[in-house]
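In: Sequence first, predicted model second:
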Amino acid sequence: MKFGIKNRKFFSKVTAIIFVLGLFLGVVPVAYGQTFANVNIVFSDQGKSLNVSGRIVSNTLLVPYQALVENLGGQSQYESLARRLTITKGDTQITITAGSRNATLNGTRVNMPAAPVIHNNQLLVPLRFVAENLDQLVLWNNATRTATLREKPVAAVKKTGGVVNIYTSRHYGVEPVFAEFTKETGITVRFTTGGDALLRERIKAEGKNTPADVYMTVDAGNLWLAAQDGLLQPISSAVLNRNIPAELRDSQNRYFGLTKRVRTIMYHPARVTPAELATLRTYADLADPKWNGRLILRPGTHVYNQSLVANLIASYGEARAERIVNGWMANKPQLIDSDTRILETLAAGGGDVAITNHYYLGRLLQNNPAFPIKVIWADQGPNEAGVHANISGAGITAHAANRENAIILLEWLSSPRGQRLFADSNHEFPANPAVAPHSIIAGFGKFRENPVAKSEFGRLQADAVKLIDRAGFK
Ligand SMILES: [Fe+2]
């Protein structure tokens, strides 16, 4: 009897030790050899969470790979015969084989804490191993059985302090973004705002003594001109290459798109009949005579329209682009040199259709959810090239004194945290595909983007300006 009690005490002590150990290791051992686990995965940078059925092997949580990789912005390829999974994200490549603890990380053999298993025709992979190698911090909460994933802050990788100086023509909401960057990295941001061309002239005139480490601006045309003028240096950064898709950065990595902005058709639903709306699908449709006296445009001298026309030239050829612009001019558009005022004029009934950037509508809707103007994504038909999307972005100056800090800034801005703050502050689409757009602009619906490389807007700018001049689009 005594013996039995002692033994029971002994066993309950062992159970308690196993339990505490389990807390440390991130699992509660329900019974010896237990394996199944229903867990939550929170992707905190993406604002998403999932409930998955995983498995616990050697105190390691294994989860189905698809949702994990996809939500972290990676790609996966599973070869069922070889039972081998390849995960890629930017320059990172991980190869994992079912039943083996050996994995390959960027060509180097590494050991995983447990071997992946196949369950119900699904490959389950070690969550922490995969997530950490995709630059995530993983936090396990045993009580709620939740793994919270978040991109490693840049400061955890490099900590330098000091300063970074920015010349920026982008001024909407940059202060809170830079303040957060300073909080995370200890790097002080000093910034000067001004016009795009003026800031380029200033960097040129200052030469080797320029205080500017970063040139930040809107429109691929501006970034391209800065690169052409030799004001920017190529940057080799695995983080930037991973976070920013190739089509949104310079082929020589002298500048990087940080947000996307779509220039498209806007209309007042009370002033356009359903029949008219049915024929309002493309930039070319605005050349139809039914819009005579009803169209509002920004002047052709603005870089936003120069890039739009350059994109039309690249997609449809110069003759067709010219017919489109001539058609707009034949409709005697009202020219207003501010996208916000164009939308306000439309709302007030001073016109019926227009072309503006999408985020101006996002901003007006943020302030007034009842703002009446609606958006149409242009050129979505099977024979059309897709809607014109431009970028805002930045590059590091050729003579940057704080080059390292400038790289850290760009890397941080491209990370999910930086992207969230930077894109949302102006209702733009994040350049990093792993980051979801703000709900207001997500509500505008999905679109097919014109695939022409953004650098073409710069390369064709002179042709676009000449076409605009010939059309009398002043
Ligand atoms: Fe703008």
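Out: Sure, I can see it.

In: Which pLDDT value belongs to the nearest residue to Ile336 once chain neighbours are set aside?
Out: Closest residue in space to Ile336, ignoring its immediate chain neighbours: Ile342 at 4.9 Å, by C-beta to C-beta, 6 or more residues apart in numbering. Glycine gets a C-beta too; all of them are placed from N, C-alpha and C. Looking at Ile342, its pLDDT is 98.

In: what about the closest residue in space to Leu232 that isn't next to it in sequence, how many neighbours?
Out: Counting by C-beta to C-beta, 6+ apart, Leu232 lies nearest to Gly395, which is 3.7 Å off, once chain neighbours are set aside. Gly395 sits with 26 neighbouring residues when counted by other C-beta atoms under 10 Å.

In: what lines up beside the one helix or strand Gly395 maps to in the sheet?
Out: Element membership of Gly395, judged by DSSP states H and E, is strand 388-397. Partners of strand 388-397 in the sheet, by DSSP bridges, are strand 214-218 (antiparallel), strand 232-233 (antiparallel), strand 256-267 (antiparallel).

In: outside of the helix or strand following it, which residues touch it?
Out: Downstream of strand 388-397, the first helix or strand assigned by DSSP H and E is helix 403-414. Under the criterion C-beta atoms under 8 Å, 6 or more residues apart in numbering, residues 153-154, 158, 160, 162-164, 166, 177, 181, 184-185, 187, 189, 213-214, 233, 235, 237, 239-240, 243-244, 256, 258, 394, 396-397, 400, 418-419, 422, 431-432 lie in contact with helix 403-414.

In: Show the contacting residues for the residue nearest to Leu232.
Out: The contact partners of Gly395, by C-beta under 8 Å, 6+ apart, come to 214-215, 223, 226-227, 231-233, 235, 250, 254-256.

In: Beta-bridge partners for it, please?
Out: Beta-bridge pairing for Gly395 (DSSP bridges): Tyr215.

In: and it, what pLDDT?
Out: pLDDT, Gly395: 98.

In: quick one, strands of the stretch 151-300 of the chain?
Out: Under the criterion DSSP state E, counting those that start in this stretch, strands of the stretch 151-300 of the chain are mapped to 163-168, 188-193, 214-218, 232-233, 256-267, 295-297.

In: So for the shortest one, mean pLDDT?
Out: Here the mean pLDDT over strand 232-233 is 98, rounded to a whole number.

In: can you list contacts of that strand?
Out: By C-beta under 8 Å, 6+ apart, the surrounding residues in contact with strand 232-233 are Tyr215, Ala226, Arg254, Tyr255, Gly395, Ile396, Thr397, Ala398, Ala400, Arg403.

In: ok, the residues you listed vs Glu276, which is closest?
Out: Tyr255 (40.3 Å; C-beta to C-beta).

In: pretty sure that closest one contacts Ala394?
Out: Yes - using C-beta atoms under 8 Å, Tyr255 is in contact with Ala394, at 6.6 Å.

In: can you tell me the helix or strand for the residue nearest to Ile336?
Out: Per DSSP H and E, Ile342 falls inside helix 339-347.

In: Between strand 256-267 and that helix, find me the angle.
Out: Relative orientation of helix 339-347 and strand 256-267, computed by axes from the mean of the first three to the mean of the last three C-alpha atoms, to 10 degrees: 20 degrees.

In: Please name the strands paired to the next helix or strand after helix 339-347 in the sheet, noting orientation.
Out: Using DSSP H and E, the helix or strand that follows helix 339-347 towards the C-terminus is strand 353-357. Each strand paired with strand 353-357, and its direction, by DSSP bridges: strand 256-267 (antiparallel), strand 295-297 (parallel).

In: Can I get strand 353-357 in CSV, CA atoms only?
Out: Taking Å, rounded to 0.1, in the frame of the first residue of the first chain, the C-alpha atoms of strand 353-357 are listed here in CSV:
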residue,chain,number,x,y,z
VAL,A,353,-15.0,60.4,-66.3
ALA,A,354,-11.3,60.8,-65.6
ILE,A,355,-7.9,59.2,-65.3
THR,A,356,-6.2,59.3,-61.9
ASN,A,357,-4.0,57.2,-59.7
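
In: How about residues contacting that strand?
Out: In this structure, residues lying in contact with strand 353-357 by C-beta under 8 Å, 6+ apart are 261-268, 272, 280, 283, 286, 291, 294-298, 304-305, 308, 339, 342-343, 346, 390.

In: So among these, which ones count as buried?
Out: Among these, those classed as buried by 16 or more other C-beta atoms under 10 Å are 261-268, 272, 280, 283, 286, 291, 294-298, 304-305, 308, 339, 342-343, 346, 390.

In: List the contacts of the closest residue to Ala354 other than its chain neighbours.
Out: Sequence neighbours aside, Ile296 is the residue nearest to Ala354 in space, at 4.1 Å (criterion: C-beta to C-beta, 6+ apart). Counting by C-beta under 8 Å, 6+ apart, Ile296 makes contact with Pro333, Gln334, Leu335, Ile336, Ile342, Thr345, Leu346, Gly350, Gly351, Val353, Ala354.

In: could I get those residues as CSV with distance to Val117?
Out: Shown next, in CSV, are those (distance: C-beta to C-beta, whole Å):
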residue, distance to Val117
Pro333, 64
Gln334, 66
Leu335, 65
Ile336, 63
Ile342, 58
Thr345, 62
Leu346, 58
Gly350, 65
Gly351, 63
Val353, 58
Ala354, 57
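
In: Run the chain-centre distance for the helix or strand harbouring Leu68.
Out: Assigned by DSSP H and E, Leu68 falls within helix 65-71. Mean C-alpha position of helix 65-71 versus that of the full chain (C-alpha atoms, centre = their mean, to the nearest Å) differs by 18 Å.

In: Extract the C-alpha trace of that helix and format it as PDB.
Out: The C-alpha coordinates for helix 65-71 follow below in PDB (Å, rounded to 0.1, in the frame of the first residue of the first chain):
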ATOM      1  CA  TYR A  65       3.900  22.800 -46.000                       C
ATOM      2  CA  GLN A  66       1.600  24.500 -48.600                       C
ATOM      3  CA  ALA A  67      -0.100  27.100 -46.500                       C
ATOM      4  CA  LEU A  68       3.000  27.800 -44.500                       C
ATOM      5  CA  VAL A  69       5.200  28.500 -47.600                       C
ATOM      6  CA  GLU A  70       2.500  30.300 -49.500                       C
ATOM      7  CA  ASN A  71       1.700  32.700 -46.700                       C
END
